[in-house]
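Enquirer: Show me how the following folds:
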Amino acid sequence: MMSRDEKRESNKNSHLSRRSFLGTAGTAAAAFTIVPRHVLGGAGYQAPSDMVNVAGIGVGSRGGQDIQGIADPDVPIERGGFGGFGGGTRPSGGGQPSAGFQPPEGGFPGGGQPPEGGFPGGGLPQGAQERPAQAPQAGESQPPKKLANIYALCDVDSEKAGSFFKGYPKAKIYSDFRKMLDNEKEIDAVVIGTPDHTHAVIASYAMKMGKHVYVEKPMCKTIYEARKLLEIAQEMDVVTQMGNQGHATEGTRMTVEWIQSGAIGLVREVHLSTNRPMWPQGDIQRPQGVPIPDTLDYDIWLGPAPEKPYHPDILHFNWRGLWDYGTGAMGDMGAHIFDAPIWALNLGLPTKIQASSTRYNDEYLPLAEIITYEFPARGYMPPVKVTWVDGGLRQIRPPEFEDGRRMMDAMYLGDKGIIMHGSHGAVPRIVPETAMQAFEPPEPWIPRTGDIYEDWIDAIKKGNKSSNDFKVASHVTEIMLLANIAVLTANQNATLEYDGENMQFTNLHAANDLLHCEYRKGWTL
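Expert: Numbering: from 1, shown residues only. A predicted model of the protein is given here:
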């Protein structure tokens, strides 16, 4: 019988042939295709050999939206059949504009920003436009989006995911991701849209088999998991991506370019906020258990989490507020709001973290919290203090803000001005509006990619790294997850001192026990 290490090496080698072919084919096509592909095979045509075989794991809610970002369904999906809000799909980021968003000419009324919390229903304001990813030629209809082949779908709840399964009738259906990956050797890549507590165990299982991985944010639930997943990804040389859609938006890239070009001078303070949580949190009681429905494999849903009774009010969305399964408001929105500051200011790991929060208990995270990070100087950039607030709280209004200007999710205070933007880097603006109107933006220098799905699939085909791979994502995730450790240790009345290089707290050793959690028997990384 092969040892675990021998099996991992065997899986890596056995998958190299198809993976190498995809990379070689993608590079060759880019270099030598002379006759346009649409001339050979019609609009949107791709040769079968060019297609990456993708499997979705956890497709009854957010993961299903990720799959649709890769390939349109073959059969229309009933909108009420899956998703997180009342059975419907939830727009990522509360309806904030996407990568192709263009504000109306002259900006938005009242100072140039969208409404707080995004636009109603996820739509756009009057006069704003959404650029199509690829405008159809005259007389030509827009072909269905098909970046990859949806080869298999897996979900523990056949009833919840049933309508989604029908949208991809050619896909093989499973309830156990392990059986799917063990049986379906043609799978090249997986999309993981399960609750936070199972991200790491699924991603590690897939990567050790040589599969490329896209995992929803946060990348995982613990700091140890974040570092371990990065280690496995580098060892197996797979293409990875975290579901941080804002990393690919124009607004995020503009923010980075403006700040690094000195538009507001040196930044020493950043204020971040969100209206999350939009689910139960606080000092409340976990609902009593009820019988498990026949359509649900609750044991796999629990994964490495402690064995506790089932209740439908926890599954599918509200799990975000429980310590066992979720990471709270920071886990839900931290990547979308913290990513741009980390990138723009070249932030490493913080050296000090402290927290203050409302009441919580052993089951649920607090309803609101304030987290303060201290980051050291980086080259010419001075030390930075970053303050995060959630639970509907907002940062204090600076005197430069005009009356009527709404606060947005991120605000940078420089010694020459202020920049503010929404989640996902949406609609950056210099404040006050007179400064924005006088501003001459620098020439763009950051490469523009497609959306994060295009970026990931393209990297798989070309054998490159995606722009938001686990090297980037693990760093963002670690900064996010430090917040929850600070909350859990706030009663010790000490500011945490963090040695990021060695992944340890130096002044409160009990906090080191929170860098990881104990897995239920039978589950490992």
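Enquirer: any idea whether Ile479 is helix, strand or coil?
Expert: Classification of Ile479 using DSSP: H, G, I helix; E, B strand; the rest coil returns helix.
Enquirer: Please shift the residue numbers so they start at 77 in all later answers.
Expert: That works, and once the first residue is 77, the last one we named lands at Ile555.
Enquirer: And it, what's its pLDDT?
Expert: Predicted confidence (pLDDT) at Ile555: the value is 98.
Enquirer: Pull the number of nearby residues for Tyr386.
Expert: The number of residues packed around Tyr386, counting by other Cβ atoms under 10 Å, is 16. Backbone N, C-alpha and C define where each C-beta goes, glycine included.
Enquirer: That one contacts Val366, correct?
Expert: Yes - taking contact to mean Cβ atoms under 8 Å, the distance of 6.5 Å between Tyr386 and Val366 places them in contact.
Enquirer: Residues that sit against both of the two, list them.
Expert: With contacts defined as Cβ atoms under 8 Å, 6 or more residues apart in numbering, no residue is adjacent to both Tyr386 and Val366.
Enquirer: which stretches of the protein aren't confidently modelled?
Expert: Low-confidence segments of the chain (pLDDT under 70): 77-125, 155-217.
Enquirer: Helices of that one, residue ranges please.
Expert: Listed from the start of the chain, the chain has helices (DSSP state H) covering 80-108, 113-117, 138-146, 185-188, 234-243, 253-259, 272-283, 299-312, 326-336, 374-378, 404-420, 509-514, 528-538, 546-564.
Enquirer: Need those helices in a markdown table (columns: distance to Gly493).
Expert: As requested, these are exported to a markdown table (distance: least, Cβ to Cβ, whole Å):
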| stretch | distance to Gly493 |
| --- | --- |
| helix 80-108 | 41 |
| helix 113-117 | 47 |
| helix 138-146 | 35 |
| helix 185-188 | 14 |
| helix 234-243 | 46 |
| helix 253-259 | 49 |
| helix 272-283 | 37 |
| helix 299-312 | 34 |
| helix 326-336 | 10 |
| helix 374-378 | 48 |
| helix 404-420 | 14 |
| helix 509-514 | 6 |
| helix 528-538 | 30 |
| helix 546-564 | 25 |
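Enquirer: Let's have the ones you listed in JSON lines, adding distance to Gly576 and mean neighbour count.
Expert: What follows is these, written out as JSON lines (distance: least, Cβ to Cβ, whole Å; neighbours: other Cβ atoms under 10 Å):
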{"stretch": "helix 80-108", "distance to Gly576": "28", "mean neighbour count": "14"}
{"stretch": "helix 113-117", "distance to Gly576": "46", "mean neighbour count": "11"}
{"stretch": "helix 138-146", "distance to Gly576": "29", "mean neighbour count": "23"}
{"stretch": "helix 185-188", "distance to Gly576": "37", "mean neighbour count": "16"}
{"stretch": "helix 234-243", "distance to Gly576": "39", "mean neighbour count": "20"}
{"stretch": "helix 253-259", "distance to Gly576": "32", "mean neighbour count": "17"}
{"stretch": "helix 272-283", "distance to Gly576": "19", "mean neighbour count": "25"}
{"stretch": "helix 299-312", "distance to Gly576": "10", "mean neighbour count": "21"}
{"stretch": "helix 326-336", "distance to Gly576": "22", "mean neighbour count": "22"}
{"stretch": "helix 374-378", "distance to Gly576": "31", "mean neighbour count": "18"}
{"stretch": "helix 404-420", "distance to Gly576": "13", "mean neighbour count": "27"}
{"stretch": "helix 509-514", "distance to Gly576": "35", "mean neighbour count": "13"}
{"stretch": "helix 528-538", "distance to Gly576": "26", "mean neighbour count": "23"}
{"stretch": "helix 546-564", "distance to Gly576": "8", "mean neighbour count": "24"}
